[in-house]
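[1] Based on what follows, work out the 3D shape:
(chains A, B, C and D)
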2 protein chains.
Amino acid sequence: MGRMRSGPTLDDVARRAGVSTATVSRCLNSPDRVVEETRERVLKSVEALGYTPNFAARVMAAKRTFTIGAIIPTMENAIFARGLQAFQEELHRRGYTLLVASSAYRPEVEAEQIRALVSRGADGLLLIGHERPGTVYDYLERQSVPALVAWSHDAGARLTSIGFDNRAAMRALTREVIAQGHRRLAMISGVQAGNDRARLRVEGFRDAVDEAGLAAMPVVETPYEIEHGAQAFEDLMALPLRPTAVLCGNDVLGAGALRRAQDIGLDVPREVSITGFDDIELARIVSPALTTVHVPHRDMGRKAARELIDMVEGKSQGRSETLATDLRLRGSLCPPDPAIG
Amino acid sequence: MGRMRSGPTLDDVARRAGVSTATVSRCLNSPDRVVEETRERVLKSVEALGYTPNFAARVMAAKRTFTIGAIIPTMENAIFARGLQAFQEELHRRGYTLLVASSAYRPEVEAEQIRALVSRGADGLLLIGHERPGTVYDYLERQSVPALVAWSHDAGARLTSIGFDNRAAMRALTREVIAQGHRRLAMISGVQAGNDRARLRVEGFRDAVDEAGLAAMPVVETPYEIEHGAQAFEDLMALPLRPTAVLCGNDVLGAGALRRAQDIGLDVPREVSITGFDDIELARIVSPALTTVHVPHRDMGRKAARELIDMVEGKSQGRSETLATDLRLRGSLCPPDPAIG
DNA sequence: CAGATCAATGTAAGCGCTTACATGATCGTC
DNA sequence: GACGATCATGTAAGCGCTTACATTGATCTG
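    Got it, this is the predicted structure:
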């Protein structure tokens, strides 16, 4: 039944090198505090024994883990992959290790994962979005674990955030669609419960629709999956007054919508325009390429890492930052065909 | 400078509940060994204090972490996301936690990550592919950490593997392409160094070409990225005897090739057929959809988790398994146009 | 050249848990 | 009703490290 690994310990190394464990420890952690000759002997002994320090023991004694935890909604979606990659590269550069967990967009799983990472001694935490039970924030505070939110920005939130304005971005995109002449829009949103990004995007959509003096437009809500995007799109196309432009909550939904449009014989963008959000690679791969909102994922990841480490090391109390997004106009959007409109 | 979190300890809980630390520990780990009334009191105390066990301390004392480590080449690519998701779901079901690290396809980074995970007390390790320095296997053996290889199968390898036959799969696909009448093929492979999947796929391609009595076909090697796939494709199209079918080492390269074909005005599949490998979602999203090799990622992940846990728990010495793959014929492949051939 | 200073190393006290073993209470049995 | 089982709980010994403090010998200083 899974006996513990039996690798050599500091003690073994020390004995073999004829020094004390303290000296071995110093060789490994602050080599310049040990004289050359000794150090060499010790390192040789480490090498010979194939010694690997026991992380748990080190943590217990040193009270630092140099580990940062991140909890993302899903790994199966490229949205977070890129930003997280940049995040981890920056952490690595600063000597930290990243532990990733995913919550499957379920708040209770997220809470559980937060506990797991704190329990593992994460020096700091990266979370996605602001929307979660207040008890989570209480817990973080009590454990005094610094945490940072990414992918969303909210000045009034309890946590520092490195993100972008989801609402304004979606509003800008919707304005553009309207400016191109569309009057019958629809939106396919991700599930809004517990997901402020999704919610804010819908609000941005409504903002633009309202300010243009248009009647309320249909918004359907569906999980962030290609197949669901496809189905939602098909449903929208069955509406009596078929929309001429369908704005999707992210590129994955957009790609699904686009694919289904082609499958049911609709010409995009001539008969219907489709847009996405995030600007992941997928947006440029599909044909026509998706008009979308470009989010600086890598930049966000890098900056989040820097700020979080500063917080962990007590160099910052938390400085929020809003990153700029911009529209990427591509083939999937064009003015509506007057013959159809 | 990052003082340690100061959460309550077992001792605090014990004192507050008026019991010994042993009793608290038992309440948490084997509740039935504690009488109802005491347990209640203790749990109330845990609740009130917001106690979270210190993982490092627990590991030190119990010598088990219930943690499995996985090192994948990259997170930025959907190839591993799906299988890993299934892997982690199964682990979770069995009470284990997954720690993920990525190696960026660099062997020395992988070795470092392996050490990091072992140091963190991983009870077992999931690795991708068989090709790595023998010293890594020696190390794993000395530390007696069970490890399992996925995404590749090799009967003669030192590690148990749950994978599929990359070579046979690619051979089958190539045979199909040839059967459809193509005589001028080319392959865009991923980087083969240190990547047995890539190498075996090239071998499979060559097998089929040879057995059909055709002359050697061009194989270009490039990183697994859309843009590189596109560039490689363009280079192949510039060849004096332009191939009528381009087989790609994976779907990402395939999608890049397809995209570039469309950008430079080539009709796929009429003027050139393109195939992928892996059958990730992307393969079905692009238009025309990619003919590809379907790999049972989820199944592989689930089975790998089961086998690895059995190994960790001493219930298995390691049973390798080869999973079946199958061809998914889609729009990107058709017989060559005789007018062009 | 005595005394202070300093660099290199050793000594040993924990870090917060788990668990083998000890203890004491309760209960059933002949 | 005395004795051994049985059960709930307590006691305390580590797990493998780091680090404050102690020690030792060498090097300075006046």
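[2] number of nearby residues for A:Asn29?
    A count of nearby residues for A:Asn29, using other CB atoms under 10 Å in any protein chain shown, gives 12. In short, each C-beta sits where N, CA and C put it, glycine included.
[3] same question but for A:Glu37, I mixed them up
    8.
[4] Neighbours of A:Gly124, how many?
    The burial count for A:Gly124: 25, using other CB under 10 Å.
[5] residue contacts, it?
    By CB atoms under 8 Å, 6 or more residues apart in numbering or on different chains, the contact list for A:Gly124 reads A:68-69, A:145-148, A:308-309, A:311-312.
[6] can you rerun that using 10 Å?
    A:65, A:67-70, A:91, A:96, A:117, A:145-148, A:305, A:307-313, B:2 (CB atoms under 10 Å, 6 or more residues apart in numbering or on different chains).
[7] A:Asp138 versus that one, what's the distance?
    Between A:Gly124 and A:Asp138 the distance is 17 Å, computed by CB to CB, to the nearest Å.
[8] got the end-to-end distance for stretch A:154-161?
    7 Å (CA to CA, to the nearest Å).
[9] er, stretch A:146-165 actually
    Start and end residues of stretch A:146-165 are separated by 23 Å (CA to CA).
[10] what about that stretch, average pLDDT?
    Per-residue pLDDT over stretch A:146-165 has a mean of 94.
[11] Equivalent analysis for stretch A:18-30, please.
    Stretch A:18-30 comes out at a mean pLDDT of 95.
[12] which other residues reach it?
    A:9-17, A:32-35, A:38-43, A:45-46, A:51, A:53, A:58, A:61-62.
[13] try 6 Å
    The contact list for stretch A:18-30, computed with CB atoms under 6 Å, 6 or more residues apart in numbering or on different chains, reads A:10-11, A:13-14, A:33-34, A:39, A:42.
[14] pLDDT for those - can I get that in CSV?
    Below are the contacts of stretch A:18-30 laid out as CSV (pLDDT from 0 to 100):
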residue, pLDDT
A:Leu10, 95
A:Asp11, 95
A:Val13, 95
A:Ala14, 95
A:Arg33, 91
A:Val34, 92
A:Arg39, 94
A:Val42, 96
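[15] For the stretch 1-150 of chain A, give me the ranges with low pLDDT.
    Low-confidence regions of the stretch 1-150 of chain A, defined by pLDDT under 70, span residues A:1-6.
[16] how about the strands in it?
    Taking DSSP state E, counting those that start in this stretch as the criterion, the stretch 1-150 of chain A contains strands spanning A:67-72, A:97-102, A:124-128, A:147-150.
[17] Dump those strands into JSON lines; add distance to DNA strand C as well.
    Shown next, in JSON lines, are these (distance: least, CB to the nearest atom of the strand, whole Å):
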{"stretch": "strand A:67-72", "distance to DNA strand C": "16"}
{"stretch": "strand A:97-102", "distance to DNA strand C": "19"}
{"stretch": "strand A:124-128", "distance to DNA strand C": "18"}
{"stretch": "strand A:147-150", "distance to DNA strand C": "20"}
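[18] Check the gap between the nearest residue to A:Gly181 once chain neighbours are set aside and DNA strand C for me.
    In space, and not counting its chain neighbours, A:Gly181 is closest to A:Pro335: 4.4 Å by CB to CB, 6 or more residues apart in numbering or on different chains. According to CB to the nearest atom of the strand, to the nearest Å, A:Pro335 and DNA strand C sit 64 Å apart.
[19] A:Pro335 reaches A:Ala179, doesn't it?
    No. Applying CB atoms under 6 Å as the test, A:Pro335 and A:Ala179 come out as separate, 9.3 Å apart.
[20] neighbour count winner among the two?
    Neighbour comparison, A:Pro335 and A:Ala179: the larger count goes to A:Pro335, with 15 against 11 (by other CB under 10 Å).
[21] so what's that one scoring on pLDDT?
    97.
[22] element containing it?
    Per DSSP states H and E, A:Pro335 falls between elements, in no helix or strand.
[23] which residues touch the most centrally placed residue in chain A?
    In chain A, the C-alpha nearest the mean C-alpha coordinate belongs to A:Phe80, at 4.0 Å (CA atoms, centre = their mean). Counting by CB under 6 Å, 6+ apart, A:Phe80 makes contact with A:Ile72.
[24] ok, and what's touching stretch A:157-167?
    Applying CB under 6 Å, 6+ apart, the contact partners of stretch A:157-167 are A:130, A:137, A:147-153, A:197, A:200-201, A:203-204, A:300, A:303-304, A:307, A:318, A:320-323, A:325.
[25] Of those, grab the buried ones for PyMOL.
    Buried residues within the contacts of stretch A:157-167, by 16 or more other CB atoms under 10 Å in any protein chain shown, are selected in PyMOL with:
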select buried, chain A and resi 130+147+148+149+150+151+152+153+197+200+201+203+204+300+303+304+307+320+323+325
